[in-house]
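Trainee: Next comes the sequence, and after it the predicted model I'd like to discuss.
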Amino acid sequence: MKVAVIGSGPAGVYASLELAKNGVNKVILVEKEERLGGTCVLYGCIPSKAMLHPVHLLTELEKLGKKVSFNLDELRKFGQEALTRLSKGVEYMLEDNGIEVVRGVASLRSGLLNVNNETLQVDYIVLATGTFRERLNGIIYSEDLPYLNRDFQSVILVGGDVGGIEFGWMLRKLGKEVFLIDKQSTLLPYLDREVSNNITNYFAKIGIKLYLNRSVKEMREKEVVLDNGEKLTADAVYMTFGRKPSIQGFEEINHNPYVIVDEYLRTSVNNIFAAGDIIGTHTAHEAMYAGKIAAINILGGKKVFNKEGIPKVVYTHPTIAYVGNMDGRCIKLSLAELGRAITEKETDGFLKVCVKDDKIVGAQAFMKDAEEVISLISFLIRFNVRINEIKDYVAPHPSYIEVITELLSRLR
Ligand SMILES: Cc1cc2nc3c(=O)[nH]c(=O)nc-3n(C[C@H](O)[C@H](O)[C@H](O)COP(=O)(O)OP(=O)(O)OC[C@H]3O[C@@H](n4cnc5c(N)ncnc54)[C@H](O)[C@@H]3O)c2cc1C
C-alpha cells in the first residue's frame with residue numbers, strides 16, 4: 001500500500017508514524033516548508049512554552065521573596081533552541097521509520113494528488129494541512145514572537161482567548177504594559193461562570209489592562225481604535241486569533257470552513273482521510289490523536305475519533321486547565337486547604353469538579369500543575385471510571401493530585 005500524508009505538523013507526523021510502524025511499505029510525507037514540525041513545533045506550542053517556562057520560574061521565586069529577571073531576547077533564544085531541536089527530532093524520527101519526505105506544495109486535481117506539478121499515484125491520502133494566517137501589514141501575530149528582533153515596553157493584544165492570555169501574562173510578568181482587548185465580557189467565557197470570572201479578576205489584578213465587551217474598529221502598527229472611538233497606542237500591536245483552515249488546493253473535498261469528516265475521519269472523497277486543525281481540532285494533542293485514528297482506519301480499522309474528555313490547557317501561572325462539561329453536581333476546593341500548595345505558597349487557586357450518575361463529567365482548574373490534575377481527570381472521564389472506584393486511588397502526599405481525592409472525599 002502507498003499512502004501520502006500532506007503536512008508535517010502533529011497530525012501528519014503521527015499519521016505517518018502509525019502507518020509506517022504498521023506495515024505500510026511506502027509512506028510519503030509532503031511538506032511545503034523547509035523545516036518540519038508544522039505550526040506546533042515552529043511557531044506555536046514549542047517556542048511559546050520554552051519562552052513561558054522561565055517566567056513560571058520567576059513567578060515561583062517571587063513567592064519566596066527572590067527576584068530574577070529575563071528579557072525578551074533571552075526568552076526568544078530559549079524558544080529558538082527548543083524549536084530547532086524538535087524540528088530536527090521530527091526529521092530524524094521520520095527518517096528512522098523509513099518515511100520519505102518530499103518538499104513541495106500538494107494539491108488535488110480531479111481526485112489526483114499533485115505535488116510540484118507532478119501526479120503522485122497513491123492508494124490513500126491523509127490531509128493534515130492545519131491552518132494558516134492571512135497577514136495584515138504592520139501587525140504582529142502571536143506566532144511571530146519567537147522570531148522578532150525587537151523589544152517593546154507596551155503592547156496591545158487583540159483577542160483574549162488562549163493566545164492572548166498566555167502572551168499577556170508572560171509580557172506582564174516581564175514588566176511590560178499590556179492592553180488586552182476582547183469582544184466577550186469575561187476571559188474564556190465558555191468556562192464555568194465562576195471560573196471565568198475568577199480568571200478575569202486575576203488578570204486585572206496583576207495589572208493587565210482589560211478592554212472587555214470591546215471590538216476593534218481600526219488597527220495599525222502601533223495603534224488600535226475601539227468600537228466606542230477610544231484610541232489605544234503602544235509600541236506593538238499583536239493579533240492573537242484568526243487562523244484559518246489551509247484548504248487551498250483541496251477545495252474539491254467537502255468543507256465548511258473546516259474539512260468535513262465522518263467519525264472515522266474519512267472525507268467526502270473515499271480514499272482521503274483528514275486529521276488535525278484542518279478538521280477543527282485546535283490543539284496539538286487532538287491533532288496527534290486524529291492523525292493516529294486516520295492511519296488506523298486506513299489500515300482497515302474501525303476506530304472512532306472520540307472527542308470526549310480531551311484536556312485543554314492555558315500555560316499561565318496559576319495554570320488554567322479544563323475538561324468535559326460542567327453539568328450535574330459541582331463542587332470546588334480551594335488550594336488554601338491543600339498541604340502541598342501551602343508548602344509552596346501556591347494557595348491562590350482551586351479545582352472545580354462536576355459529577356453526574358456516579359461519574360466525573362467535567363472539571364476546571366486554575367492552580368499550579370493544573371494540567372497534571374486535569375489530565376488525570378481526563379483519564380477518569382474517558383475510561384468511564386466510577387466515583388466509588390476512584391476512592392481506591394491513593395495519591396502521593398503532599399501532592400497537587402491530592403486536590404482530586406480531597407475534593408471527592410467531600411462528596412455526599
Ligand atoms: C502561538 C501558538 C501557540 C500554540 N500553543 C499550543 C499548545 O501549547 N498546545 C497545543 O496543544 N496546541 C497549541 N497550538 C495549536 C497547535 O499548534 C495546533 O493545534 C497544531 O499545530 C495542529 O497540528 P496540525 O498537524 O493539524 O497542523 P499544523 O501544525 O498547522 O501543520 C500543518 C502543516 O501542513 C503544511 N501544509 C499546509 N498546506 C500544505 C500543502 N498544500 N502542501 C504541503 N504542505 C502543506 C504546513 O506547512 C504545516 O507544516 C498553538 C498554536 C499557536 C499559533
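Mentor: Yes, it's here.

Trainee: Can you give me every residue that contacts the residue found closest to residue 350 once you drop the neighbours it is linked to in the chain?
Mentor: Counting by C-beta to C-beta, 6 or more residues apart in numbering, residue 350 lies nearest to residue 334, which is 5.0 Å off, once chain neighbours are set aside. Quick note: C-beta positions are derived from backbone N, CA and C, even for glycine. Each residue near residue 334 by C-beta atoms under 8 Å, 6 or more residues apart in numbering is listed here: 347, 349, 350.

Trainee: of all those, which comes closest to the ligand?
Mentor: Nearest to the ligand out of the contacts of residue 334 is residue 349 (C-beta to the nearest ligand atom; 19.8 Å).

Trainee: Wait, that closest one touches residue 364, no?
Mentor: No: look at residue 349 against residue 364 with C-beta atoms under 8 Å: they stay out of range, at 11.3 Å.

Trainee: okay, now the residue of the stretch 151-300 of the chain found nearest the ligand: neighbour count?
Mentor: Residue nearest to the ligand within the stretch 151-300 of the chain: residue 276 (2.2 Å; C-beta to the nearest ligand atom). Residue 276: 37 surrounding residues under other C-beta atoms under 10 Å.

Trainee: can you pull the contacts of it?
Mentor: Going by C-beta under 8 Å, 6+ apart, the list of residues near residue 276 reads 7, 9, 10, 11, 12, 128, 130, 286, 287, 290, 291.

Trainee: Contacts only, for the last one.
Mentor: Contacts here follow C-beta under 8 Å, 6+ apart; on that basis residue 291 touches 10, 11, 12, 13, 14, 15, 16, 18, 126, 128, 275, 276.

Trainee: I'd like to know which of the residues you listed is nearest to the ligand.
Mentor: Nearest to the ligand out of the contacts of residue 291 is residue 276 (C-beta to the nearest ligand atom; 2.2 Å).

Trainee: Which positions in this structure make contact with the ligand?
Mentor: With C-beta under 6 Å from any ligand atom as the criterion, the chain meets the ligand at residues 6-12, 30-33, 38-40, 43-45, 48-49, 105-106, 128-131, 142-143, 163, 246, 249, 276-278, 282-285, 287.

Trainee: Now with 5 Å, please.
Mentor: Residues of the chain lying close to the ligand by C-beta under 5 Å from any ligand atom are 7-11, 30-33, 38-40, 44-45, 48, 105-106, 128-130, 142-143, 246, 249, 276-277, 283-284, 287.

Trainee: Show only the entries of those residues found in strands.
Mentor: Using DSSP state E, the subset of these located in strands is 30, 31, 106.

Trainee: Can you spell out which residues form a bridge with the second one?
Mentor: To tie it back to what came earlier, the one meant is residue 31. Note on residue 31: beta-bridge partners residue 103, judged by DSSP bridges.

Trainee: That one contacts residue 99, doesn't it?
Mentor: No: with contacts defined as C-beta under 8 Å, residue 31 does not count as touching residue 99, sitting 11.1 Å away.

Trainee: Stretch 72-88: which residues count as buried?
Mentor: For stretch 72-88, a neighbour-count test (16 or more other C-beta atoms under 10 Å) marks 72, 75, 76, 78, 79, 82, 83, 84, 86, 87 as buried.

Trainee: Look at the fifth one and give its secondary structure.
Mentor: Counting by DSSP: H, G, I helix; E, B strand; the rest coil, the backbone at residue 79 sits in helix.

Trainee: tell me the contacts of it?
Mentor: Residues counted as contacts of residue 79 (C-beta under 8 Å, 6+ apart) are 46, 47, 48, 50, 51, 145, 146.
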